[in-house]
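**Q** quick one, what's the 3D model for this:
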Amino acid sequence: MAYIFAQGSKKCSNLLFLLRSNITSPYSCSRSSSVSSVTLAEKEANIKKSILISQSKDIYTNLALEDWLYKNYDFTKQHVLLVWRNSPCVVVGRHQNPWLEASAEYLLNYEVSVARRNSGGGAVYHDPGNVNFTFFTNKEMYNRRNNLEIISRALYREWGISADINTREDIVIKKNYKVSGTASKLGSKNAYHHCTLMVDVDRCQLSQALKKNIVGVDTNATKSIPSPVLNLNDVNSSVTVEKLLGAVGWEYLRTTPLTMQDAGHDFISQQNGFQLVNPTEGWFPGVEKLRNEFASWDWRFGKTPDFQVTRKFYIPEELKITITVNKGIIENVTLKVPQKLILAHGFNGNASVITNLKGQQFSVAAIRYLEKSVINLEKSYREASEELNFESAFVANESGFFLKEMSKSSG
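**A** Below is the predicted model:
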């Protein structure tokens with residue numbers, strides 16, 4: 001099915017007028033008292049639908065565009081479907097730990113970006129073979145299952161693909177193969193539901209990017225639930241990103257916004273149709289500032305819920321070193337001294353490690369640094385005489401950390 005994009009300066013001007021005329025303000029938002037006085041049919045007839053297609057493939061720009069619309073638009077009488085795609089990236093949920101959800105080294109080596117979105121849910125991998133859909137409504141009309149039904153209808157209408165919506169509101173095919181993950185954000189007035197749809201994603205890179213390499217983490221951060229995945233073009237080779245965009249777009253436009261009826265082509269002709277948008281300052285004033293915020297370290301990593309990473313070493317008894325991280329910054333490094341060393345040398349049970357890691361941004365390199373330090377400590381221990389002063393072995397450690405409050409007890 002073919003579809004047409006509105007382009008050119010005149011059309012762009014029309015869209016900008018449409019956007020600006022629906023900017024929220026204390027004086028333009030609809031009041032609930034007036035809404036309740038109209039029938040459902042009248043209410044539905046007053047709602048128009050638009051599809052905006054981002055021309056950017058930068059994850060931070062697209063997240064900024066999504067946030068701009070959410071914060072600035074009045075969706076009472078104008079529902080919007082935003083369609084966007086990204087270059088390779090991993091996007092974690094609002095309350096997740098990116099170090100726990102993805103392979104930091106792989107992402108760095110293969111130049112895969114890391115982003116944090118405003119909605120909850122689990123971590124996802126994006127590349128140009130994945131299409132993202134964001135359904136905007138006001139809070140009152142939010143219904144993400146209806147949105148997923150539109151996508152399912154489109155898949156069946158265009159390609160005969162039977163898709164189900166599971167209890168977690170993911171779209172699955174062949175009973176348990178996930179092709180779409182879902183998340184949402186609800187505010188006092190507006191809401192959005194966004195979801196992925198895998199068409200031709202590099203599943204090998206997806207698997208490597210989302211591989212969890214860090215163990216021994218204690219955190220309350222939301223953890224992703226792994227699921228088997230499948231590309232739509234593995235089910236039907238004729239599915240392409242471009243065709244999918246058209247199929248879902250037309251299904252969205254022909255479906256009534258509240259009663260979910262298939263109103264056909266006549267209804268489509270009454271809607272605002274498709275529009276390519278360029279997420280720049282000229283179109284969306286303030287979007288660049290939002291983009292910088294989404295790309296910042298403070299947002300991507302600093303918003304990580306507090307966590308601790310513990311490592312065990314044997315030199316020759318078990319030592320436990322724990323890194324405490326607050327807002328992405330290493331707050332403390334502690335070491336638990338084995339019981340035998342406590343009894344033999346009168347040490348306290350726990351010691352605070354003095355290291356230049358404190359106050360630094362957490363990274364996998366920090367764990368490697370401590371691992372190297374302990375290896376050097378083990379070397380010092382083995383090279384010492386039978387009358388080893390265990391405390392001095394820490395102080396002499398060449399990797400630059402030692403212990404305080406580890407003096408022998410007076411008793």
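**Q** contact partners for the residue most central in space within the chain?
**A** Nearest to the geometric centre of the chain sits residue 92, at 2.6 Å (CA atoms, centre = their mean). Residue 92 makes contact with 98, 101-102, 114-117, 122-123, according to CB atoms under 8 Å, 6 or more residues apart in numbering. Backbone N, C-alpha and C define where each C-beta goes, glycine included.
**Q** also residue 164?
**A** Counting by CB under 8 Å, 6+ apart, residue 164 makes contact with 152, 171-173, 175.
**Q** for it, give its distance to residue 206.
**A** 22 Å (CB to CB, to the nearest Å).
**Q** on that earlier part again, in helices, which of the contacts of residue 164 appear?
**A** Filtering these for membership in helices, criterion DSSP state H, returns residue 152.
**Q** residues in contact with stretch 290-309?
**A** 58-61, 63-64, 67-68, 94-100, 114-116, 214, 216-221, 322-329, 361-362, 367.
**Q** hmm, back to that, can you pull up the bridge partners for the residue nearest to the centre of the chain?
**A** Residues in a beta bridge with residue 92, per DSSP bridges, are residue 116.
**Q** distance of it from residue 334?
**A** Residue 92 sits 27 Å away from residue 334, going by CB to CB.
**Q** could you do residue 232 as well?
**A** For residue 232, the distance to residue 334 - CB to CB - is 49 Å.
**Q** between these two, who's got more neighbours?
**A** residue 232 (27 against 16; other CB atoms under 10 Å).
**Q** for that one, which non-adjacent residue is spatially closest?
**A** residue 239 (4.4 Å; CB to CB, 6 or more residues apart in numbering).
**Q** quick one: secondary structure of the one you found?
**A** Of the three states, residue 239 takes coil according to DSSP: H, G, I helix; E, B strand; the rest coil.
**Q** any stretches of the protein with poor pLDDT?
**A** For the chain, the stretches flagged by pLDDT under 70 are 1-37, 315-317, 337-355, 374-411.
**Q** okay, now the domains of it?
**A** Listed domain ranges for the chain are 9-300, 307-404 (source: automatic domain parsing).
**Q** now do the helices in the stretch 251-400 of the chain.
**A** 264-268, 287-295, 297-300, 339-345, 364-383, 390-395 (DSSP state H, counting those that start in this stretch).
**Q** where do the helices sit along the stretch 1-150 of the chain?
**A** 9-21, 32-35, 40-45, 59-72, 98-101, 104-109, 144-159.
**Q** can you give me the strands for the stretch 101-250 of the chain?
**A** With DSSP state E, counting those that start in this stretch as the criterion, the stretch 101-250 of the chain has strands at 113-116, 124-126, 130-138, 164-165, 171-173, 177-180, 182-186, 190-198, 217-219.
**Q** list the strands paired with the fifth one, with their directions.
**A** Yep, that's strand 171-173 we're talking about. Using DSSP bridges, the strands paired with strand 171-173 are strand 164-165 (antiparallel), strand 177-180 (antiparallel).
**Q** and the first one, how far from the chain's centre?
**A** Taking CA atoms, centre = their mean, to the nearest Å, one finds strand 164-165 lying 22 Å from the centre of the chain it belongs to.
**Q** now swap in the longest one and tell me
**A** Between the centre of strand 177-180 and the centre of its chain there are 17 Å (CA atoms, centre = their mean).
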